[in-house]
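Visitor: need a structure here:
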Amino acid sequence: MSEETPDDQLRTEQHDPAVPEAYAAFMRTGWDDRPSHVERHPVADLAAARRTRLAEVFPGERLVLPAGGYKVRAYDTDYRFRPDTAHTHLSGNQTSDAVLVVEPDGSSSLYARPRSGRDSDEFFRDRQYGALWAGKRPSAEELEASLGLPVRHVDQLADDLRTSAKTRVHRGVSGAVDVLVDGDAGRDAELARVLSEMRLVKEPWELEQLQQAVDATTLGFEDCVREWDGVLEHGERWLEGTFFRRARTMGNDLGYDSIVAGGSHATTLHWIENSGPIVPGELILLDMGVENAHLYTADITRTLPVSGRFTMLQRDLYTLVLQAQDAALAALRPGARFLAGHEAAMVVLAHGLDDLGLLPVSAEEALAPDSRVYARWTLHGVSHMLGMDVHDCGHAAPEAYRDAELAEGMVLTVEPGLYFQADDLLVPEELRGIGIRIEDDVVVTADGVRNLSSALPRTPDAIEEWMGRLRG
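Guide: Numbers count the residues shown, from 1 in each chain. The predicted model follows:
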């Protein structure tokens, strides 16, 4: 952008003061804009190898993978930017508006929006991209040095895509990019599938990142319990804010909106309003995860007694869910079906519900595929893949994911639960409004699984001791 750029190409607001030419000319001079020293990104070599594998799947085709842009929160305010997972997995780039292009010959380029020169109005006037408003974006040279990719300005992208090369686009990420190439729903969906399936088995570096995210999440849970007096005074909001502080201190952000569900809110699977009180004598369900600096996220749930000690009924129900989780963990290993953990957990929960007298049929009948009436109180699957997305690899084909066998290096959650709705007339009154979920993140090893989140206590006794110790 040059100093002649029209005002309507700058992101400004109507309440901004007028900019006289004398002021603009003065602002364009007298700045030290030396390049910053940058280290090579730790994922640069891994990303290059990933791009090579991707190009081998689609030989002779151009592949276009945008990072995405800012999303409006309200009127002229945007959400904090987070790049598309596939884009960053294959490039390491986390700047907005960039587009990774893998060419038919297998070479790759990053089309980016680097910082403007100090001789432009963008530098001091543009609220979205100007350094004085939004911070100093990396230069093209800095991006190249960090990522090991040739960098071109994103303004060149439209012209460079006007060739006869067969092109696939990772669609739905950037509307501006989607319109540059005529779509083929089948071919573009195949690209999305392959991008997901490439992430099913994690590399050693990725496992390190996930462990880092889990460890930060563990500290966030500890922060919450240490501040229990504030929790009792201010309710769910205090817990949400306390954990968010840890996520921003030790990571990029939250991996997903925290679920802080006291009392009957725990029976709403994705309760993210987090606006209720915390009442002594009830349980509170905390489903939270830190996303680390390289965008790998944890996903952990603990259900805690607000008073620090479980009642007998709470302990019995919690123990049933814990036994279901233990059964699921024992069923997972290389060669086992992905659904093996879910099925093992459901056997335990169905028999437990039968023992409580809740099932309209026997446990064995309820477990039949054409029945599943027990699921009124279990609701969801026990596992999903975990990685750069909390529900990672979501476009993978069923035969590569849900209906496939586990392989060493896969990372998944194990999260059975029991949920008795407050208005469920088919359960005794003392059960109504109780929700319990226990969730851990595990990596498949040569002979089973390793629990990445084992530092957080799971058993009732260990939870009571942990809460008492942290609360002093």
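
Visitor: Could I get the contacting residues of Asp178?
Guide: Counting by CB atoms under 8 Å, 6 or more residues apart in numbering, Asp178 makes contact with 169, 171-172. Every C-beta, even on glycine, is put in place using the N, C-alpha and C of the backbone.

Visitor: phi, psi of it?
Guide: When quoted as degrees, to the nearest 10, the phi and psi of Asp178 stand at phi -50, psi -40.

Visitor: go on, the one 5 residues further on?
Guide: When read as degrees, to the nearest 10, the backbone of Gly183 gives phi -90, psi 150.

Visitor: does Leu65 count as helix, strand or coil?
Guide: Counting by DSSP: H, G, I helix; E, B strand; the rest coil, the backbone at Leu65 sits in strand.

Visitor: Tell me the pLDDT of Asp7.
Guide: What the model reports for Asp7 is a pLDDT of 69.

Visitor: circling back to that earlier point, reformat the contacts of Asp178 as CSV; add secondary structure, pLDDT and neighbour count.
Guide: CSV is the format used below for the contacts of Asp178 (DSSP: H, G, I helix; E, B strand; the rest coil; pLDDT from 0 to 100; neighbours: other CB atoms under 10 Å):
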residue, secondary structure, pLDDT, neighbour count
Val169, strand, 98, 26
Arg171, coil, 97, 19
Gly172, coil, 97, 12
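
Visitor: how about stretch 161-168: buried residues?
Guide: 161, 167-168 (16 or more other CB atoms under 10 Å).

Visitor: Check what pLDDT Asp16 gets.
Guide: For Asp16, the pLDDT comes out at 86.

Visitor: how distant is stretch 410-427 from the center of its chain?
Guide: Remark: stretch 410-427 is offset 21 Å from the chain centroid, using CA atoms, centre = their mean, to the nearest Å.

Visitor: Do me a favour and get the end-to-end distance for it?
Guide: 38 Å (CA to CA, to the nearest Å).

Visitor: Likewise for stretch 23-34?
Guide: First-to-last residue span, stretch 23-34, CA to CA: 23 Å.

Visitor: and that stretch, which residues are buried?
Guide: Under 16+ other CB under 10 Å, the buried positions of stretch 23-34 are 27-28.

Visitor: So what touches it?
Guide: Residues contacting stretch 23-34 (CB under 8 Å, 6+ apart): 3, 117-121, 123-124.

Visitor: cutoff 10 Å now
Guide: In this structure, residues lying in contact with stretch 23-34 by CB atoms under 10 Å, 6 or more residues apart in numbering are 3, 17, 19-20, 115, 117-121, 123-125, 131-132, 136, 139.

Visitor: Check the offset of the longest helix seen in the chain from the chain's centre.
Guide: Longest helix in the chain, counting residues (DSSP state H): helix 204-226. Here the centre of helix 204-226 is set off from its chain's centre by 14 Å, with CA atoms, centre = their mean.

Visitor: Which helix or strand lies directly C-terminal to that helix?
Guide: Next in sequence after helix 204-226, counting helices and strands by DSSP states H and E, comes helix 228-234.

Visitor: I'd like the distance from that following helix to the chain centre, please.
Guide: 28 Å.

Visitor: How about exporting that helix as CSV, limited to the C-alpha atoms?
Guide: Provided in CSV are the C-alpha atoms of helix 228-234 (Å, rounded to 0.1, in the frame of the first residue of the first chain):
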residue,chain,number,x,y,z
TRP,A,228,-12.3,-21.8,45.8
ASP,A,229,-13.3,-19.0,48.2
GLY,A,230,-13.7,-16.7,45.1
VAL,A,231,-15.7,-19.5,43.4
LEU,A,232,-18.1,-19.8,46.2
GLU,A,233,-18.6,-16.0,46.3
HIS,A,234,-18.8,-15.3,42.5
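
Visitor: same for it, what does it pack against?
Guide: helix 204-226, helix 236-250, helix 460-471 (3 or more CB pairs under 10 Å, 6 or more residues apart in numbering; DSSP states H and E).

Visitor: average model confidence for that helix?
Guide: On average, the pLDDT along helix 228-234 is 96.

Visitor: Give the buried residues for that helix.
Guide: 228, 230-231.

Visitor: Dump the C-alpha coordinates for the helix or strand Ala86 falls within into PDB.
Guide: Using DSSP H and E, Ala86 sits in helix 85-91. Output of helix 85-91 as PDB, limited to C-alpha atoms (Å, rounded to 0.1, in the frame of the first residue of the first chain):
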ATOM      1  CA  THR A  85      -5.700 -25.700  11.500                       C
ATOM      2  CA  ALA A  86      -4.800 -27.300   8.200                       C
ATOM      3  CA  HIS A  87      -3.000 -24.200   7.000                       C
ATOM      4  CA  THR A  88      -0.900 -23.900  10.100                       C
ATOM      5  CA  HIS A  89      -0.200 -27.700  10.200                       C
ATOM      6  CA  LEU A  90       1.300 -27.500   6.700                       C
ATOM      7  CA  SER A  91       3.100 -24.200   7.100                       C
END
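
Visitor: Quick check: what element follows that helix along the chain?
Guide: Toward the C-terminus from helix 85-91 - assigned by DSSP H and E - lies strand 99-102.

Visitor: in its sheet, what does that following strand sit against?
Guide: Strand pairing for strand 99-102, using DSSP bridges, gives strand 62-66 (antiparallel), strand 108-112 (antiparallel).

Visitor: that older thread, may I see the buried residues of stretch 161-168 arranged in a markdown table, with secondary structure, pLDDT and distance to Ala25 as well?
Guide: As requested, the buried residues of stretch 161-168 are exported to a markdown table (DSSP: H, G, I helix; E, B strand; the rest coil; pLDDT from 0 to 100; distance: CB to CB, whole Å):
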| residue | secondary structure | pLDDT | distance to Ala25 |
| --- | --- | --- | --- |
| Leu161 | coil | 95 | 37 |
| Thr167 | strand | 96 | 43 |
| Arg168 | strand | 97 | 46 |
